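Undergrad: Give me a 3D structure for the following:
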Amino acid sequence: MKRIFISQTINKTAESVRVAGWAQTVRSHGKIVFVDLRDMTGILQLVLPEDMAKEIRPEWVIEVEGKIQKRPAKMANPKLKTGGIELPVEKLVVLSKAETIPFSVEGTGYEISEEKRMKYRYLDLRRERMKKNMINRNKIIKFIRDYLEKQGFVEIETPILTKSTPEGARDFIVPSRLYNGKFYALPQSPQQYKQLLQVAGFERYFQIPRCFRDEDCRGDRQPEFTQLDMEMSFMEQDEILDLTEKLFIAIVKNLYPEKKIQKIPFPRVSYKEVMKKHNSDKPDLRKNKNNPDELAFAFVLDFPMFEWKKEDKKWGAVHHPFTRPRTEDIQKMKKDPGKVLACQYDLVLNGSEIGGGSLRSYKPEILEAVFEILGHSKEEIRNKFGHLLDAFKYGVPPHGGIAPGLDRFVSIMQAEKNIREVIAFPKTGDSRDLMMDVPSEVSEKQLKELGIKIKK
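TA: Prediction:
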């Protein structure tokens with residue numbers, strides 16, 4: 001007999017079945033023992049004679065066979081999809097025993113310390129709340145893929161080992177064994193690759209990539225995170241925003257029908273306006289901020305192109321250097337960078353920035369002027385971005401894109417307070433993986449192969 005999922009037992013009354021999973025609870029009632037068996041699809045009540053169940057303990061992995069029967073009406077559990085049935089066990093096999101687990105996997109788990117939950121993350125993921133977070137995250141990603149494919153987008157993977165370039169945050173760098181003294185970098189985003197794909201003629205590209213930034217952690221940040229990356233050719237800013245808006249409306253209506261979008265179309269307000277009115281570039285525009293089912297989306301537009309970095313005593317890019325300035329007057333841009341606006345936009349939701357994007361500079365002279373304002377010499381520009389400038393010599397279309405952060409979006413939709421609750425194996429707030437004991441030391445042999453010495 002083939003094993004089936006617990007969710008499949010609902011329509012199997014009076015049929016013999018084989019099911020397997022974890023014994024969530026064990027309740028003895030004299031000569032009869034009730035066991036709640038859990039698999040990834042649900043919970044099923046087992047009924048066993050005392051002599052058969054005497055050794056079973058919580059979280060043991062078992063396989064059972066028997067004939068599904070209806071529960072007596074007064075014993076039904078309306079909270080469970082399988083609450084109207086039970087399985088009197090005829091055959092039991094213990095597949096794996098379990099020691100007493102360090103915390104209960106019933107309930108929300110919020111009361112347990114994060115360090116403990118992260119150390120035993122594989123146990124923490126057994127709880128119903130975490131399972132729902134992972135399943136709904138998967139549903140969102142699948143919906144996005146299907147939706148964008150219908151809109152003519154092509155999903156293309158880009159490299160993880162790439163070149164270190166100044167894009168805002170610190171890079172994670174990877175030493176090369178074959179070329180001692182040289183390094184790869186993990187991508188902060190697929191920014192240059194997706195622009196090169198526009199040069200290659202893939203006018204509607206998307207990807208759901210992992211991105212890496214060596215920056216301080218907060219509730220809504222991680223050293224590695226996931227975003228939806230979209231890049232489009234021959235589209236104006238309003239067209240990109242319209243497409244993004246329709247995608248998010250479709251996600252909410254199809255996957256979260258209980259939630260209400262406060263205003264459609266999404267408000268589009270300038271950076272100057274929101275800073276003046278809300279003193280924030282990611283304002284929470286909900287009328288009732290205590291209602292997690294209320295969604296206040298908005299686009300924030302017309303950010304400054306440059307900002308003065310006091311600690312470095314130089315200009316920096318507010319978004320990134322590939323953003324197109326709202327002027328092609330290079331001299332004006334160099335004369336007063338602080339007054340230049342950018343073709344940049346953010347998507348905000350309930351007080352969080354869940355996505356950022358821009359039209360890109362596609363004229364080499366504009367791109368070079370931006371890098372010069374940011375303090376790069378012509379030699380540095382050539383060294384770091386020569387590949388992009390060379391590509392732009394061979395016919396580059398006007399293009400732009402947006403990259404919503406999936407972790408932040410999913411956490412808001414699941415009413416979670418930080419993104420660690422919707423990532424299967426996240427880092428802690430101080431960038432550690434307590435389960436794998438990362439970061440960790442490597443052997444002297446590995447360091448020697450890479451030509452690296454540790455300075456203590």
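Undergrad: So which elements touch the strand or helix carrying residue 17?
TA: Taking DSSP states H and E as the criterion, residue 17 maps to strand 16-29. Counting contacts by 3 or more C-beta pairs under 8 Å, 6 or more residues apart in numbering; DSSP states H and E, strand 16-29 is packed against strand 32-39, helix 50-53, strand 61-67, strand 85-96. Where you see a C-beta, it was placed from the backbone N, CA and C, and this is true even at glycine.
Undergrad: Off-centre distance for the longest one?
TA: In terms of C-alpha atoms, centre = their mean, to the nearest Å, the centre of strand 85-96 is set 38 Å apart from its chain centre.
Undergrad: now the angle between strand 61-67 and it, please.
TA: Inter-element angle recorded for strand 85-96 and strand 61-67: 140 degrees (by axes from the mean of the first three to the mean of the last three C-alpha atoms, to 10 degrees).
Undergrad: Let me see the mean pLDDT of the very next helix or strand once past strand 85-96.
TA: As assigned by DSSP H and E, the chain's next helix or strand after strand 85-96 is helix 114-119. For helix 114-119, mean pLDDT is 96.
Undergrad: how about the helices in the stretch 101-250 of the chain?
TA: 114-119, 121-124, 128-150, 191-199, 237-255 (DSSP state H, counting those that start in this stretch).
Undergrad: Please convert the ones you listed to JSON lines, extending it with distance to residue 426 and mean neighbour count.
TA: Conversion of the helices of the stretch 101-250 of the chain to JSON lines gives the following (distance: least, C-beta to C-beta, whole Å; neighbours: other C-beta atoms under 10 Å):
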{"stretch": "helix 114-119", "distance to residue 426": "8", "mean neighbour count": "17"}
{"stretch": "helix 121-124", "distance to residue 426": "8", "mean neighbour count": "17"}
{"stretch": "helix 128-150", "distance to residue 426": "11", "mean neighbour count": "15"}
{"stretch": "helix 191-199", "distance to residue 426": "24", "mean neighbour count": "21"}
{"stretch": "helix 237-255", "distance to residue 426": "22", "mean neighbour count": "16"}
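Undergrad: Of those, which is nearest residue 414?
TA: Minimum separation from residue 414 across the helices of the stretch 101-250 of the chain (C-beta to C-beta) falls at helix 128-150, 5.2 Å.
Undergrad: tell me which strands and helices the closest one is in contact with?
TA: Using 3+ C-beta pairs under 8 Å, 6+ apart, helix 128-150 is in contact with strand 154-155, strand 204-207, helix 237-255, helix 406-413.
Undergrad: Now do it against strand 16-29, angle only.
TA: Going by the same axes, to 10 degrees, helix 128-150 makes 150 degrees with strand 16-29.
Undergrad: Mean pLDDT added to the helices and strands packed on helix 128-150, as JSON lines?
TA: Shown next, in JSON lines, are the helices and strands packed on helix 128-150 (pLDDT from 0 to 100):
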{"stretch": "strand 154-155", "mean pLDDT": "98"}
{"stretch": "strand 204-207", "mean pLDDT": "98"}
{"stretch": "helix 237-255", "mean pLDDT": "98"}
{"stretch": "helix 406-413", "mean pLDDT": "97"}
